[in-house]
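Visitor: Sharing a sequence plus its predicted fold:
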Amino acid sequence: MALLSIDELKNLVEQAEQPCVSLYMPTVKAGSEITQNGIRFKNLVRQAEAQLENYEMRSTEAEEFLQPMRELDTEEFWQNQDEGLAIFLAPGFLRYYKVPITLSELVVVSDRFHLKPIMPLLTGDGKFFLLTLSEKEIHFFEGTRYSIREIQLEDVPTNLEDALQYDETAKTGQFRIGTSAGGGGAMPNAGSFHGQGSPDQDEPQMEVGQFFHAVDAGLHKYLVGQRAPLVLAGIDRLLPSYKEANTYANLVDTEILPIKDGVVDAQDLHPKAWALVEPFYTQQKQAAIEHYHELTNTGKTSAQLEEAVSAAYYGRVDQLFVAVDVQTWGKFDPQNDEMQIHDEPQPGDEDLLDAAAVQTILNGGMVYALPPDNVPDAAQVAAIFRY
């Protein structure tokens, strides 16, 4: 199972083989009701089989095509779930993601994968990262309003001793300096090495600084392309050193969450971390909606589906508000800027709302996947244009 990320989104979008089956379902994580997972899954796979037959695939062919998805249906698989499950199947291609948000049941068979239900995770809406700091060890977590899970780090030193072995330059008093220390800008380049360590400098503090620079560099591959806030937990005296080393733009640097007796308890830290980041999301979303209304009648907004989809493909959309659990079926030809809209899905159709959201993210814009009643102008989609 891969981690859901912007790069993974690109892999899903660029998968060219057809047909593409997208299956979404809520999952039960524990208890006697866990048996519901398998029952719900089988019902949804039957829906996929019926849609494939409508896609001009014979019953035996559809059954064979769905076999890799059916093979996931094991007791062990269902006992290791999160809040929701997303599965994507195409010829020679299978991906699944256990996600920390509740998903509505949905099956879509199309020429492309249907990705809108997981947009809140891809755009950082409600997601945050938590990094626990000490000289002895670090831990890195991904969380949402509902849950938190640890990410096992690769190529990242997790304690001071490893860091000094990991970066040979540290042994001569050198460390990597990012181009935007303190998180004041976008993700930097790799940076360069500079000498450090005069005789009157505090050696332990210098080594902690080297450690945190190595940690920051190692976290780049986990944080690049992300917009979610990063919360720190640990000891107060370590906050200045990590802030100096940090190059991630969305560090929450107002305070550091305390760790009791040096023990990292994710379930204890989760509500405290969410309390720090929730205002960030509430304010960000509200500010975006207010900005949309401020720009009304300036030519820089639209709640028209055709205009929003077209602009998303051409990279004009800066911020997009799109309704979840709603689909508008049709086709868009970006080469000729032509759109077809259908009342019911036809072979080769896609959800045009989904297409607008995906293209907005791929072109560097922000997507707010909202309940239908919360989209500005009571529309299914609303866009703020860059120009």
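Guide: Sure, I can see it.

Visitor: I'd assumed residue 317 was in contact with residue 363.
Guide: Yes - between residue 363 and residue 317 a contact is recorded at 7.1 Å, counting by Cβ atoms under 8 Å. Every C-beta, even on glycine, is put in place using the N, C-alpha and C of the backbone.

Visitor: The two - which one has more neighbours?
Guide: Counted by other Cβ atoms under 10 Å, residue 363 and residue 317 do not tie: residue 317 has more neighbours, with 29 against 16.

Visitor: surely that one meets residue 385?
Guide: Yes - assessed by Cβ under 8 Å, residue 317 is found in contact with residue 385 at 6.3 Å.

Visitor: where do the contact lists of the two overlap?
Guide: Listed as contacting both residue 317 and residue 385 by Cβ atoms under 8 Å, 6 or more residues apart in numbering are residue 311.

Visitor: And the helices in the stretch 51-200 of the chain?
Guide: In the stretch 51-200 of the chain, the helices defined using DSSP state H, counting those that start in this stretch lie at 59-65, 67-70, 75-78, 119-122, 160-166.

Visitor: so for the fourth one, what's the average pLDDT?
Guide: Confidence for helix 119-122, expressed as mean pLDDT, is 77.

Visitor: In terms of secondary structure, what does it contact?
Guide: For helix 119-122, the elements it packs on are helix 352-362, strand 366-370, judged by 3 or more Cβ pairs under 8 Å, 6 or more residues apart in numbering; DSSP states H and E.

Visitor: ditto for the second one
Guide: Using 3+ Cβ pairs under 8 Å, 6+ apart as the contact criterion, the neighbours of helix 67-70 among helices and strands are helix 35-54, strand 84-90.

Visitor: Name the residue closest to the centre of this structure, please.
Guide: Nearest to the geometric centre of the chain sits residue 122, at 2.9 Å (Cα atoms, centre = their mean).

Visitor: Name the nearest residue to that one, sequence neighbours excluded.
Guide: Spatially, and ignoring its direct neighbours in sequence, residue 122 is nearest to residue 9 (5.6 Å; Cβ to Cβ, 6 or more residues apart in numbering).

Visitor: By residue count, tell me the biggest helix in the protein.
Guide: Taking DSSP state H as the criterion, the chain has its longest helix at helix 266-294.

Visitor: Now do that helix: distance to the chain's middle.
Guide: Computed by Cα atoms, centre = their mean, to the nearest Å, the chain-centroid distance of helix 266-294 equals 16 Å.

Visitor: What strands flank the helix or strand that it is followed by, and is each parallel or antiparallel?
Guide: Note on helix 266-294: by DSSP states H and E, the next helix or strand toward the C-terminus is strand 301-302. Strand pairing for strand 301-302, determined by DSSP bridges: strand 381-385 (antiparallel).

Visitor: Mind jotting down where the strands sit in the stretch 201-350 of the chain?
Guide: 230-234, 251-258, 301-302, 317-323, 329-333, 338-342, 350-351 (DSSP state E, counting those that start in this stretch).

Visitor: which strands and helices sit next to the fifth one?
Guide: Helices and strands touching strand 329-333, by 3+ Cβ pairs under 8 Å, 6+ apart, are helix 305-313, strand 338-342, strand 350-351, helix 352-362.

Visitor: switch to 7 Å and redo it
Guide: In terms of contacts (3 or more Cβ pairs under 7 Å, 6 or more residues apart in numbering; DSSP states H and E), strand 329-333 is packed against strand 338-342, helix 352-362.

Visitor: Nearest to residue 152, out of these?
Guide: Set against residue 152 and scored by Cβ to Cβ, the helices and strands packed on strand 329-333 come closest in helix 352-362, at 25.9 Å.

Visitor: Show me what that closest one is packed against.
Guide: Counting contacts by 3+ Cβ pairs under 7 Å, 6+ apart, helix 352-362 is packed against helix 6-14, helix 305-313, strand 317-323, strand 329-333, strand 366-370.

Visitor: can you dump the C-alpha coordinates of it into PDB?
Guide: Provided in PDB are the C-alpha atoms of helix 352-362 (Å, rounded to 0.1, in the frame of the first residue of the first chain):
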ATOM      1  CA  LEU A 352     -16.400  16.700 -14.600                       C
ATOM      2  CA  LEU A 353     -16.300  18.000 -11.100                       C
ATOM      3  CA  ASP A 354     -13.600  15.400 -10.400                       C
ATOM      4  CA  ALA A 355     -11.700  16.400 -13.500                       C
ATOM      5  CA  ALA A 356     -11.700  20.100 -12.500                       C
ATOM      6  CA  ALA A 357     -10.400  19.200  -9.000                       C
ATOM      7  CA  VAL A 358      -7.600  16.900 -10.300                       C
ATOM      8  CA  GLN A 359      -6.400  19.400 -12.900                       C
ATOM      9  CA  THR A 360      -6.400  22.200 -10.300                       C
ATOM     10  CA  ILE A 361      -4.100  20.200  -8.000                       C
ATOM     11  CA  LEU A 362      -1.800  19.100 -10.800                       C
END
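
Visitor: quick one: contacts of it?
Guide: 6, 9-10, 13, 114-116, 119, 122-123, 305, 308-309, 312-313, 317, 320, 322-323, 326-328, 330, 332, 367, 369, 380-381 (Cβ atoms under 7 Å, 6 or more residues apart in numbering).

Visitor: Over to stretch 78-93?
Guide: Residues external to stretch 78-93 that are found in contact with it (Cβ under 7 Å, 6+ apart): 12, 15, 17-27, 29, 34, 37-38, 68-69, 95-103, 113, 117-118, 146-147.
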